[in-house]
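Asker: Just a sequence and a predicted model for now, questions to come.
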Amino acid sequence: MIETKQKERLRRLSECIKRSGRIHLKEAARILEVSEMTIRRDLNADTEGPIPMSLLGGYIVSVTQPSSHTTHDPQADIFTLDQAEELYIPNLAASLVSEDDVIFFDNGIEIATLISLIPEEISFTGICYSHNVFLALSQKKNATALLCGGEYRPKSDSFYNPTQQSILDSINPKKAFISVAGIHRTYGVTCYNLDDLPIKKKAMDKSIRKILLAKYNQFDEVATANMGELSQFDVVITNRPLSDEYETYCRNGFVKVIY
């Protein structure tokens, strides 16, 4: 059977992903010697069977349907559809990181994944207070990791020193990626850990561009500690379209929504 050019490109893409786990759209276009739009069309094309790849943020990753007949290989970088959706927010956030950025990274379960998805060739400085986030930054060869010191608290795996000066007192990060537990039009943006509140607020005050990472099901939820109003953020990155009410709220507050 003669292989069409489209099938050949998809096959070569699949081989690249098997070797590296994921590939950036720009890199894929360079390797295949086609435009990025051509690859987008290939991934969205009607084929005889489902295409086991998906474009998430700026990366092409493998996507497979869960099956009771297959065993999970922890080394294989292949995702179920549900797992793929978990990558939407960190992928989109990683695509906002630019050369020489100084960035505050909050304490959140998606933050380490976000850092791992930043292209290796980008040089940047990361400021954090989470031990786990610091370890993720230390794995990036072109990243400078700055850890806000203080008392280590195992419950949140983070360092706190609210009464002393910190790195953030003398640095204005270009961007801040802030994690959230709840967003409500009346009760604002909230988190559960009261210990996190002082450093979250300081990062918001000092950072030039404040970027909120929020899953769709966190809207209309309320947690204990209030960080401020949704309108204080410049960007909201989420994994599904917002309700009309929140879309209108963000538009009126000049908050850009990315999903």
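Answerer: Perfect, thanks for sending it.
Asker: contacts and neighbour counts: CA atoms only from here.
Answerer: Will do.
Asker: List the strands paired with the strand or helix carrying V257, with their directions.
Answerer: For V257, the element it lies in under DSSP states H and E is strand 256-258. Applying DSSP bridges, strand 256-258 is found paired with strand 235-237 (parallel).
Asker: Quick check, A136 in contact with I118.
Answerer: No. Contact criterion Cα atoms under 8 Å: A136 and I118 do not qualify, at 10.9 Å.
Asker: quick one, which of these two is more surrounded?
Answerer: Counting neighbours by other Cα atoms under 10 Å for A136 and for I118 shows that I118 has the greater number, 21 against 18.
Asker: mind checking pLDDT for that one?
Answerer: The per-residue pLDDT reported for I118 equals 89.
Asker: just checking, it touches S98?
Answerer: No. Here I118 does not reach S98: they are 9.2 Å apart, not a contact under Cα under 8 Å.
Asker: Common neighbours of those two, please.
Answerer: Common neighbours of I118 and S98, counting by Cα atoms under 8 Å, 6 or more residues apart in numbering, are absent.
Asker: could you give the mean pLDDT of the strand holding V257?
Answerer: On average, the pLDDT along strand 256-258 is 93.
Asker: what sits up against that strand?
Answerer: Strand 256-258 is contacted from outside by 92, 234-238, 247, 250, using Cα under 8 Å, 6+ apart.
Asker: Surely F159 forms part of a strand?
Answerer: Yes. Membership of F159 in a strand is supported by DSSP: H, G, I helix; E, B strand; the rest coil.
Asker: bridging residues for it?
Answerer: Y152.
Asker: Quick check: chain neighbours aside, which residue is closest to E221?
Answerer: Spatial nearest neighbour of E221, chain neighbours left out: G182 (4.4 Å); criterion: Cα to Cα, 6 or more residues apart in numbering.
Asker: Neighbours of L87, how many?
Answerer: Other residues close to L87 by other Cα under 10 Å number 20.
Asker: same deal with the one 10 residues further on?
Answerer: Taking other Cα under 10 Å as the neighbour definition, V97 ends up with a count of 20.
Asker: can you pull the contacts of it?
Answerer: I118.
Asker: got the buried residues for the strand holding V257?
Answerer: Residues 257-258 are the ones in strand 256-258 that count as buried (16 or more other Cα atoms under 10 Å).
Asker: Spatially central residue in this structure, please.
Answerer: Most central in the chain under Cα atoms, centre = their mean is P90, positioned 1.4 Å from the mean C-alpha point.
Asker: Skip the chain neighbours and tell me the closest residue to that one.
Answerer: Nearest residue to P90, sequence neighbours excluded (Cα to Cα, 6+ apart): L114, at 4.2 Å.
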